[in-house]
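Asks: Have a look; sequence and predicted model below, questions after that.
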Amino acid sequence: MNKVQGNYHILLVEDDLADAGLVRIALRKGRHPVTLHHAKDHTEAFGFLRRIGNAFAEAPRPHLIFLDLNLPGRSGHEILQEIKGDPNLCGIPVIILSTSEAERDVVRSYHLGANSFVSKPMDADDFTHHIHTMETYWFDVVRLPAGP
């Protein structure tokens, strides 16, 4: 079991505000204290992860990253490749959370180092259930790394 002082931190990289809202609501209803940090694209995600600029100077290292594939500018696959290629970030588990069910996206995601691939359900209750299942798995079952 993970022993975290305070809240778990999740970075959600998602351009769809409705999906981001569903994740936020699901985590509020979850069993664990979670702070959700939201980035809409590559620039915001790496600003947060690398603490670039005043807005992100005090950003915590996330325990998990939820990453959408269909993003403006750089794709989720490109972001995943950059995270897993950075020695300071590669230990953070990345969960692909995408509407895609294409086998090529699944294969490419795992090839690039994704820790999980979850297709977003269309039903809000199913979506919430998926978020709670991931929360239980990552915060109760597996042991997360303590840091870089």
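Replies: That came in fine, so what should we check first? Numbering: from 1, shown residues only.
Asks: Mind pulling up the pLDDT for the residue lying farthest from the centre of the chain?
Replies: Outermost residue of the chain with respect to the C-alpha centroid, by Cα atoms, centre = their mean, is Asn54; its distance is 22.3 Å. We note a pLDDT of 91 for Asn54 in this prediction.
Asks: low-scoring stretches of this structure, by residue?
Replies: Scanning the chain for pLDDT under 70 picks out the ranges 1-5, 147-148.
Asks: Tell me which residues touch Glu101, please.
Replies: Residues in contact with Glu101, defined by Cβ atoms under 8 Å, 6 or more residues apart in numbering, are Ser119. (C-beta placed from N, C-alpha, C; glycine too.)
Asks: which phi and psi does it have?
Replies: Dihedral angles of Glu101 (phi, psi; degrees, to the nearest 10) stand at phi -120, psi 10.
Asks: and if you look at Thr35?
Replies: Thr35 adopts backbone torsions of phi -110, psi 120, taken as degrees, to the nearest 10.
Asks: Hmm, Leu12 and it touching each other?
Replies: No - in this structure, Thr35 sits apart from Leu12 without contact. The criterion is Cβ atoms under 8 Å, and the distance is 10.9 Å.
Asks: any idea how far the residue farthest from the centre of the chain is from Ser119?
Replies: The gap separating Asn54 from Ser119 is 37 Å, by Cβ to Cβ, to the nearest Å.
Asks: just Val23 next, same as before
Replies: Using Cβ to Cβ, we find Val23 at a distance of 14 Å from Ser119.
Asks: The closest residue to Ile95 other than its chain neighbours: neighbour count?
Replies: What sits nearest to Ile95 in space, not counting adjacent residues and going by Cβ to Cβ, 6 or more residues apart in numbering, is Ser116, at 4.4 Å. A count of neighbours around Ser116, defined by other Cβ atoms under 10 Å, yields 16.
Asks: Show me where this protein has its strands.
Replies: 8-13, 34-39, 64-67, 94-98, 116-119 (DSSP state E).
Asks: Serialize these to JSON lines and add fields for distance to Glu82.
Replies: Compiled in JSON lines, the strands of the chain are given as follows (distance: least, Cβ to Cβ, whole Å):
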{"stretch": "strand 8-13", "distance to Glu82": "11"}
{"stretch": "strand 34-39", "distance to Glu82": "13"}
{"stretch": "strand 64-67", "distance to Glu82": "11"}
{"stretch": "strand 94-98", "distance to Glu82": "11"}
{"stretch": "strand 116-119", "distance to Glu82": "18"}
